[in-house]
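Colleague: Just the structure for this:
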Amino acid sequence: MFQQSQDEKMRTQRRLRRKAMLAARRQRAIQRRTARLERASQLQQWMQMVMHDYCAKILRERKTWAFARTSDWWENTAPNLTEEEWLEKFRVSRDTFRYICATLKPALQRQDTSFRLCLTLEKRVAIALHKLTSTADYKTVGNLFAVGCSTVCQTLQKFCQAVMTLLRPQLIPMPSQAKLAQMADYFEESFGIPQCVGAINVLHIPILKPPEDPADFCNRDGWHSVILQAVVDGKGMFWDINIGQPGSKDQQSVLKMSAIWALASTTNVFSDRIRNICGTDVGYFILGDWTYPLQKWLLKPYAHTGWLTEAQEMYNVRTNGAHTVVGRAIGRLKGRWKCLSKRSDFSVRMVVDIVETCCTLHNLCELRMERFLPEWEDAHEVKFNGMSWEGEEWSEERNALEQLFMQQQYNSSSFA
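Modeller: Residues are numbered from 1 along each chain as shown. Coordinates of the predicted model:
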């Protein structure tokens, strides 16, 4: 019994010594791990301090933080430009320039920050207008106004968004019935064609080769473009525009995909005021070239088959003379806003916004009777992209106009 008691006591002591040794070993491991973490933390802090000092030194010693640019032209030369020089540079008078600034102020005004001074509202508008009125690239415009290329691009984008938001609803609205009546009266006074409210045509806007579906944007002349379909009134102001269709589409396809086709097909907007012409009730209509489909609201000339009657020839002469109003309007559009005549470094989406902006500014200039210098003239060459719609050559409205024109010619010759 005594021996067993001694053995049990020794085993208990050994267990206690082992537990103490394990506890001491764990404590030393914890201490070593804590020391390693402290050394790693100190090393990280030291590295951060070294990198901070190094970067600070590099930044202090950086030779070119921002390239030196001079805004002498905008600050000193532009204010002293004559009215002729200002008009040549920005295509609008100073009064219209101030009107644009005041109208777009809610969207373009910026505030200075503690980091840098913002561009003034007038400078933003001037940068955008200069880019639109010239074929200069971003770098050239940026050097003129002492800003970077990215600033020119962003300024132009913001300007276009502001014009489309604040000016377009005022300047290119869908005409009311009262406005349609005014346009019809003006067409009749100017061209002798009753019930005509507009003329329609298209313009191909050159673009860079798009990354997606480039073949769709390649037109018949072999270059990439998007299409502007425009309807203008007798004064050469746009009242309906459709922008962005690929250049490979013909005029018929573009028309069918536009809002004016849906409007004429689903509403009676063109038949609100009916006028009896030589025994035929004729509503409002617009004039197109011979590639367009013949509709009650869309009249076109007879194709030159060599077998036209005298009345048909007279009809073609009168309607073609009136249809030139859309060619002149597009020519003035391209003359003022030269960016539309050259393939620019814009994306397709940006091109659509720019064309819409230029059409809006065109209406503003025409409304305010801005001067258009002869050297700006860019004659719009009508290019037919498609075939005439055969089998739809008869139209009561067109026949009524033929009779009217012949009566007018007979009356004038009899009076003479």
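
Colleague: Sketch out the strands for this structure, chain order is fine.
Modeller: Ranges of strands within the chain are 196-206, 225-232, 238-246, 275-277, 280-282, 285-287, 298-299, based on DSSP state E.

Colleague: between the second one and strand 196-206, how big is the angle?
Modeller: Taking axes from the mean of the first three to the mean of the last three C-alpha atoms, to 10 degrees, strand 225-232 and strand 196-206 form an angle of 160 degrees between their directions.

Colleague: Which other helices and strands does strand 225-232 contact?
Modeller: strand 196-206, strand 238-246, helix 251-256, helix 310-336, helix 348-367 (3 or more C-beta pairs under 8 Å, 6 or more residues apart in numbering; DSSP states H and E). In this view, the C-beta of every residue, glycine as well, is placed from N, C-alpha and C.

Colleague: and among the ones you listed, the most buried is which?
Modeller: Scoring the helices and strands packed on strand 225-232 by mean neighbour count under mean count of other C-beta atoms under 10 Å gives strand 196-206 as the most buried, with a mean of 24.

Colleague: For it, name the packing helices and strands.
Modeller: Under the contact rule (3+ C-beta pairs under 8 Å, 6+ apart), strand 196-206 is packed against helix 177-191, strand 225-232, helix 251-256, strand 285-287, helix 310-336.

Colleague: So for residue 205, which of those sits nearest?
Modeller: Ranking the helices and strands packed on strand 196-206 by distance to residue 205, with C-beta to C-beta as the measure, places strand 225-232 first at 5.2 Å.

Colleague: Find me the pLDDT at residue 390, would you?
Modeller: At residue 390, the predicted lDDT confidence score is 45.

Colleague: Please shift the residue numbers so they start at 59 in all later answers.
Modeller: All set: I'll call the first residue 59, so the last point we hit is now residue 448.

Colleague: what's the neighbour count on the residue nearest to residue 196 when sequence neighbours are not counted?
Modeller: Of all residues not flanking residue 196 in the chain, residue 207 sits nearest, at 4.1 Å (C-beta to C-beta, 6 or more residues apart in numbering). With neighbours defined by other C-beta atoms under 10 Å, the count for residue 207 comes to 15.

Colleague: Just list the residues touching the spatially most central residue of the chain, thanks.
Modeller: Taking C-alpha atoms, centre = their mean, the centroid of the chain lies closest to residue 411, which sits 1.2 Å from it. Contacts were defined as C-beta atoms under 8 Å, 6 or more residues apart in numbering; by that measure residue 411 touches 215, 218, 219, 222.

Colleague: Would you reformat those as a markdown table and include distance to residue 436?
Modeller: What follows is these, written out as a markdown table (distance: C-beta to C-beta, whole Å):
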| residue | distance to residue 436 |
| --- | --- |
| 215 | 25 |
| 218 | 21 |
| 219 | 26 |
| 222 | 24 |
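
Colleague: chain center to the lengthiest helix in the chain: distance?
Modeller: Longest helix in the chain by number of residues, with DSSP state H as the criterion: helix 60-118. Centroid displacement of helix 60-118 relative to its chain, using C-alpha atoms, centre = their mean, to the nearest Å, is 68 Å.

Colleague: Please apply the same query to stretch 248-265.
Modeller: Worked out by C-alpha atoms, centre = their mean, stretch 248-265 lies 21 Å from the chain centre.

Colleague: now that stretch: mean pLDDT?
Modeller: Model confidence over stretch 248-265 averages 94 on the pLDDT scale.

Colleague: how about the CA coordinates for it, as PDB?
Modeller: The C-alpha coordinates for stretch 248-265 follow below in PDB (Å, rounded to 0.1, in the frame of the first residue of the first chain):
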ATOM      1  CA  SER A 248     -43.400  82.400-101.400                       C
ATOM      2  CA  PHE A 249     -43.700  79.500-103.900                       C
ATOM      3  CA  GLY A 250     -47.400  79.600-104.900                       C
ATOM      4  CA  ILE A 251     -48.000  76.000-103.600                       C
ATOM      5  CA  PRO A 252     -51.000  75.700-101.300                       C
ATOM      6  CA  GLN A 253     -51.100  73.400 -98.300                       C
ATOM      7  CA  CYS A 254     -47.300  72.700 -98.400                       C
ATOM      8  CA  VAL A 255     -45.800  72.700 -94.900                       C
ATOM      9  CA  GLY A 256     -42.200  71.600 -95.600                       C
ATOM     10  CA  ALA A 257     -39.600  69.900 -97.700                       C
ATOM     11  CA  ILE A 258     -37.700  66.800 -96.700                       C
ATOM     12  CA  ASN A 259     -34.200  65.600 -97.600                       C
ATOM     13  CA  VAL A 260     -31.200  63.800 -96.000                       C
ATOM     14  CA  LEU A 261     -27.500  64.600 -95.300                       C
ATOM     15  CA  HIS A 262     -24.700  62.100 -94.800                       C
ATOM     16  CA  ILE A 263     -22.500  63.000 -91.800                       C
ATOM     17  CA  PRO A 264     -19.000  61.500 -92.100                       C
ATOM     18  CA  ILE A 265     -17.800  59.500 -89.100                       C
END
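
Colleague: wait, doesn't residue 261 sit right on residue 290?
Modeller: No: applying C-beta atoms under 8 Å as the test, residue 261 and residue 290 come out as separate, 11.6 Å apart.

Colleague: what's the closest non-adjacent residue to residue 461?
Modeller: That would be residue 336: by C-beta to C-beta, 6+ apart, it lies 4.1 Å from residue 461.

Colleague: and the gap between the nearest residue to residue 283 once chain neighbours are set aside and residue 313?
Modeller: Ranked by C-beta to C-beta, 6+ apart and with sequence neighbours excluded, the top spatial neighbour of residue 283 is residue 305, at 3.5 Å. Look at residue 305 and residue 313: by C-beta to C-beta, to the nearest Å, they are 15 Å apart.

Colleague: doesn't residue 344 make contact with residue 358?
Modeller: No: between residue 358 and residue 344 no contact is recorded; they are 9.9 Å apart, counting by C-beta under 8 Å.
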